[in-house]
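Student: got a sequence here, can you model it:
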Amino acid sequence: MAEPDAATAVAPSAAPPADAASFDEQLLAELVVSARLLTPEQLVEARNRVATYETAGAIPVPRAFVPDPVGLSLRALEAGDGSEIGQIPLGEPIGDPGEWPTWSSGHFLVVDPAEPGLLEAIAVAPTAALGLFPTARGSFLYPGASPGRDLSPDVLVLPSPLAAPTAVKSRPLDLVASPSGEFMVASNRGAGTVHVIVPNTVSQLGAIAVRAAGGKRGIGVAIHDRTAYITDGATPRLTILELTTLKARHQTFPTGPLGPIAVTPDGQHLLMTFYKNSDELGLLTVTTHDLRVRHLLNLPGRKVAAAPLEPFRIAPGGQLAYLVVQEGEAGTRCRLLAIDLAKKKVARELPLDGLPLGLALPPPMAWLPEKPDLEQVIVEMGFATAEEIRRVKDTEPSGPPLQDFRIDPQIVGQLPERMMRTMGIVPMFRDGDKLLVAMVNPRDPTGLQLAAQLAGGLVLDPVPVSEEELAAFLGDRYPLLMERYHALRATVPGPAAPGPPQAAAQAAPPQQPA
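Tutor: Numbers count the residues shown, from 1 in each chain. Model (predicted):
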């Protein structure tokens, strides 16, 4: 299993800090508290609910399976805490572990399912032991750490039924899971065997040999429903294995050795790469019901000498397939081929700096329920109705001046709370060429002098407020305005005050308002 910090390499970008929340949400928080729909305590409760919200459609976190290439076994882990709940042996060691090469650049490439191209590359720590979450909604990569809100199957990476081996010099094991999560197939390259695993019971159903022991080439596996299609990387023989009965039959094709294999989403066709004498590549399209070749396509590239199998993936819609090939004979560079399966041609070639650990696809949006916003949570928790919130958002400025939703946090932030409290002054917002300033005593000459300095070149418009209104403002709404103020300062450099920047510093000493 990976070290705890290894998972951070495959994690998506971290969630933004609380003070970087959208300004719209901050404004809503300010409005509902000012309108007395929520107390400050209820607002804190609602915000906490948003931060930890789990939607009903989120993919459950089940046990995970991680290959142990040293012990030649699968380790079953409770994904929530990483504790081990069982091991499944996968055969005896074959050969010297030091003979296995380190072959991958340590990246997963996320390919575009709709248009030929790449979406992103996700780095995987070299020590990370990649495993699988087999679920009824697809199989997901397991980075080796306990999942959380920002590191979990429903938001983490990619539905990927294949976990390629980690870049370690050991006896590599490959894992493939059925899309339903009902079965897994673990292949032991050194022994030339494939093992059928039942994740729900953490047990091995059985194993079969598909080639002689001692090979290092990867064993290609594709699963549809309860049938596995297996290529051995060394011969042109395809093995069709019924997973429930372990009955196998074979079909040999008039080509070179068969390599990576994939099944189309509808289960009607197999795509199988094959190697020619010069290590050039071809692609076969074969119908699954009668195993007849329907199309052969020559590919512009060579077998990747350093890889167990070339990374291969079919998009969910079945219109695109992606394959990594070696560029030229030197073997120092690779290319990603995007193959248009409808037109039976290579639609795009992209140069790669190195060989990726695997290809993956972005999860369908239906599998990634969005976190609700603050308004939804407030309604769900019964603090206010949707109609009440709508009225607050649509209300024209009215009522007590210090509840006006136009109050600008960047203008309020020009005076410290202590000065507002002692002077009885709150700079509110700019309206055209006027600066509105709430004042407990609009006739106080010292307060007027300070307000005029804040206004600068604007016309001062004093607005009378009571001491009770000022106290309520400073207790309830002012902290929310300061949250917005600091968030704005973090993203927009420089003050946005309407008056001279030194106005507050030049003001007369504070006096108790009359």
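Student: and for residue 278, the neighbour number?
Tutor: 10 (other C-beta atoms under 10 Å). Bear in mind the C-beta positions are built from the backbone N, C-alpha and C, glycine included.
Student: one more: residue 488?
Tutor: 16.
Student: ok, now residue 416?
Tutor: Around residue 416 there are 10 residues (other C-beta under 10 Å).
Student: which one is residue 351 nearest to, not counting chain neighbours?
Tutor: Leaving aside its sequence neighbours, residue 351 sits nearest to residue 335 (C-beta to C-beta, 6 or more residues apart in numbering; 5.7 Å).
Student: correction: the previous question concerned residue 199.
Tutor: residue 134 (4.6 Å).
Student: ok, that neighbour touching residue 79?
Tutor: No. Using C-beta atoms under 8 Å, residue 134 is not in contact with residue 79, being 11.0 Å away.
Student: between those two, who's got more neighbours?
Tutor: Higher neighbour count among residue 134 and residue 79: residue 134, with 27 against 21, using other C-beta under 10 Å.
Student: tell me the contacts of the more buried one?
Tutor: 62, 65, 177, 178, 181, 182, 184, 199 (C-beta atoms under 8 Å, 6 or more residues apart in numbering).
Student: closest to residue 485 out of the residues you listed?
Tutor: Among the contacts of residue 134, residue 62 lies closest to residue 485 (C-beta to C-beta), at 44.7 Å.
Student: thinking again about what came up before, how far away is the residue nearest to residue 199 from residue 378?
Tutor: As judged by C-beta to C-beta, to the nearest Å, residue 134 and residue 378 stand 38 Å apart.
Student: over to residue 132?
Tutor: 39 Å.
Student: next one, pLDDT for residue 364 please.
Tutor: For residue 364, the model assigns a pLDDT of 68.
Student: how about residue 240?
Tutor: At residue 240, pLDDT is 97.
Student: quick check: it touching residue 261?
Tutor: No. The criterion here is C-beta under 8 Å, and residue 240 misses it with residue 261 at 11.2 Å.
Student: shared neighbours of those two, anything?
Tutor: 229, 230.
Student: which SSE is the residue nearest to residue 199 in?
Tutor: With secondary structure defined by DSSP states H and E, residue 134 is part of strand 131-135.
Student: does residue 488 count as helix, strand or coil?
Tutor: helix (DSSP: H, G, I helix; E, B strand; the rest coil).
Student: pretty sure it contacts residue 412?
Tutor: No. In this structure residue 488 lies outside contact range of residue 412 using C-beta under 8 Å: 11.3 Å.
Student: for the protein, what helix or strand is lowest in average pLDDT?
Tutor: helix 503-506 (a mean of 38; mean pLDDT, DSSP states H and E).
Student: so what's the residue count around residue 209?
Tutor: 15.
Student: below-threshold pLDDT in this structure: ranges please.
Tutor: Within the chain, the stretches with pLDDT under 70 are 1-24, 53-61, 80, 93-105, 126-129, 143-170, 330-331, 364-371, 395-399, 491-514.
Student: now with 50?
Tutor: 1-23, 148-157, 167, 493-514 (pLDDT under 50).
Student: and the helices in it?
Tutor: 23-34, 40-51, 374-380, 386-394, 409-412, 417-423, 445-455, 467-472, 478-491, 503-506 (DSSP state H).
Student: any chance of those in a markdown table, plus distance to residue 255?
Tutor: Below are the helices of the chain laid out as a markdown table (distance: least, C-beta to C-beta, whole Å):
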| stretch | distance to residue 255 |
| --- | --- |
| helix 23-34 | 59 |
| helix 40-51 | 55 |
| helix 374-380 | 56 |
| helix 386-394 | 63 |
| helix 409-412 | 69 |
| helix 417-423 | 79 |
| helix 445-455 | 82 |
| helix 467-472 | 81 |
| helix 478-491 | 59 |
| helix 503-506 | 81 |
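Student: what's the most buried one of these?
Tutor: Counting by mean count of other C-beta atoms under 10 Å, helix 409-412 has the highest mean neighbour count of those, with a mean of 22.
Student: who does it touch, helix- and strand-wise?
Tutor: Identification of packing neighbours for helix 409-412 by 3 or more C-beta pairs under 8 Å, 6 or more residues apart in numbering; DSSP states H and E yields strand 425-431, helix 478-491.
Student: so what touches the first one?
Tutor: Read that as strand 425-431. Contacts for strand 425-431 (C-beta under 8 Å, 6+ apart): 401-402, 404, 406-408, 411-412, 414-415, 419-420, 435-440, 447, 450-451, 454, 458, 461, 463, 465, 470, 473, 498.
Student: buried residues, it. List them.
Tutor: 425, 426, 427, 428, 429, 430 (16 or more other C-beta atoms under 10 Å).
Student: how near is the first one to residue 470?
Tutor: When you say that, I think you mean residue 425. From residue 425 to residue 470 the distance is 9 Å (C-beta to C-beta).
Student: what sits in contact with each of the two?
Tutor: In contact with both residue 425 and residue 470: 438, 440, using C-beta under 8 Å, 6+ apart.
Student: quick check: buried residues in the strand ranked longest in the chain?
Tutor: Counting by DSSP state E, the longest strand found in the chain is strand 293-302. For strand 293-302, burial by neighbour count (16+ other C-beta under 10 Å) applies to 297, 299, 301, 302.
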